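[1] Okay, here's the prediction I keep looking at, along with the sequence it came from:
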Amino acid sequence: MKKTFYSLVVLISLIYFGCEDSEIVDVDVEYKEYVVVRGELLADSIFTGVTFTKTLPLDVTFDIKKAELTDVFAYMKVNGVQVIPLHYNTDGVYKPLYNFRIHSSTNYELFAIVGDKSIYASTYVPEVPRIDNSAFHDNEYVDVNIASRPNECYGSVYFISPSSGGSVSRSTDFHSIVEAPNSEFNDIVLSRTQEIPEQYQTEFYRSVTYFQVYSFDKAYSDYFKTRGNNEPITNSYIQGGDAIAWNVTGDYVIGLFIGKNKSSIVLVNQ
């Protein structure tokens, strides 16, 4: 098989930080163009649109104007009833013609046609996570107990903020994503943050350590568990040889169209 390399427009490894990277795929695969779909639906916020791009081979310098798709026919359905047409805006982003607010406890479906490809995705926007309790685990990280709901999953992050000027340390990713059981509506699930750097594992910093919990459509759990399948690829929106559990379907189509919510930032129980 001819050795080729390709890169994709990337999704942020951690949705809530809003930073993006482009990385090179270092795998032996025959180049095939994929459509890449990215859509984040954050409860109680204005919908920012869905991005449609295509993969580019390594010998093409990445340029959003080369990667973006400008001729997509796309629309969303809300709870199977309301139809929201999506129109090209810029850089491959498709939005409604008016500001559209995302609501929790709501189902959203994405329908799109790109050339001869039909694309579909469905997601549920969860409610605000219900925090039951929190505690330090030997000063190393924060444990958070969450009252779960069906069809949701959860991840927790920490912030160390000794002043109003900002944090001196915070999570760079979720340590794990925990799934809500399907049966017991009020089961308590345990979520933990990444490990706090050793220099901040002191009594002083304990008093200024906060956490925040994110809830996602349960499909995000499958994605999180499989996103590292294509090592040595390290970016979460690059497709390698093994399967990643994308929730967007279609021939040679990958991506996430995912609902999410988040709690307020809370001081860890001392």
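    Thanks, I have it.
[2] Residue 111 bridge partners, please.
    Taking DSSP bridges as the rule, residue 111 bridges to residue 75, residue 120.
[3] how near is it to residue 102?
    As for residue 111, its distance to residue 102 is 17 Å (criterion: C-beta to C-beta, to the nearest Å). Quick note: C-beta positions are derived from backbone N, CA and C, even for glycine.
[4] between these two, who's got more neighbours?
    residue 102 (20 against 16; other C-beta atoms under 10 Å).
[5] any idea what sits nearest residue 222, other than its immediate chain neighbours?
    Spatial nearest neighbour of residue 222, excluding adjacent residues (C-beta to C-beta, 6 or more residues apart in numbering): residue 245 at 3.7 Å.
[6] And for residue 262?
    Residue 262 sits nearest to residue 214 (C-beta to C-beta, 6+ apart), 4.9 Å away.
[7] cool, and residue 64?
    That would be residue 91: by C-beta to C-beta, 6+ apart, it lies 4.9 Å from residue 64.
[8] so that neighbour touches residue 51, yeah?
    Yes - judged on C-beta atoms under 8 Å, residue 91 makes contact with residue 51 at a distance of 7.4 Å.
[9] can I see the domain layout of this protein?
    6-126+219-261, 130-214+263-267 (automatic domain parsing).
[10] circling back to that earlier point, and residue 91 and residue 51? which has more neighbours close in?
    residue 51 (22 against 14).
[11] for the more buried one, what are its contacts?
    Contacts for residue 51 were tallied using C-beta atoms under 8 Å, 6 or more residues apart in numbering; they are 9, 36-39, 91-94.
[12] Repeat that for residue 33.
    54-55, 252.
[13] let's go with 10 Å and repeat that
    By C-beta atoms under 10 Å, 6 or more residues apart in numbering, the contact list for residue 33 reads 6, 54-57, 252.
[14] State the distance from it to residue 174.
    The value you get for residue 33 to residue 174, if C-beta to C-beta is used, is 31 Å.
[15] same question, residue 193
    Taking C-beta to C-beta, one finds residue 193 at 8 Å from residue 174.
[16] what residues are shared contacts of those two?
    Here residue 193 and residue 174 share the contacting residues 155-157, scored by C-beta under 10 Å, 6+ apart.
[17] which stretches of the stretch 101-250 of the chain aren't confidently modelled?
    For the stretch 101-250 of the chain, the stretches flagged by pLDDT under 70 are 164-165, 182-186, 229-242.
[18] quick one, strands of it?
    For the stretch 101-250 of the chain, the strands defined by DSSP state E, counting those that start in this stretch occupy 106-114, 117-125, 130-137, 141-147, 152-160, 169-170, 178-179, 188-192, 209-217, 248-249.
[19] Distance to residue 80 added to these, as CSV?
    Below are the strands of the stretch 101-250 of the chain laid out as CSV (distance: least, C-beta to C-beta, whole Å):
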stretch, distance to residue 80
strand 106-114, 7
strand 117-125, 10
strand 130-137, 27
strand 141-147, 28
strand 152-160, 20
strand 169-170, 38
strand 178-179, 25
strand 188-192, 29
strand 209-217, 16
strand 248-249, 17
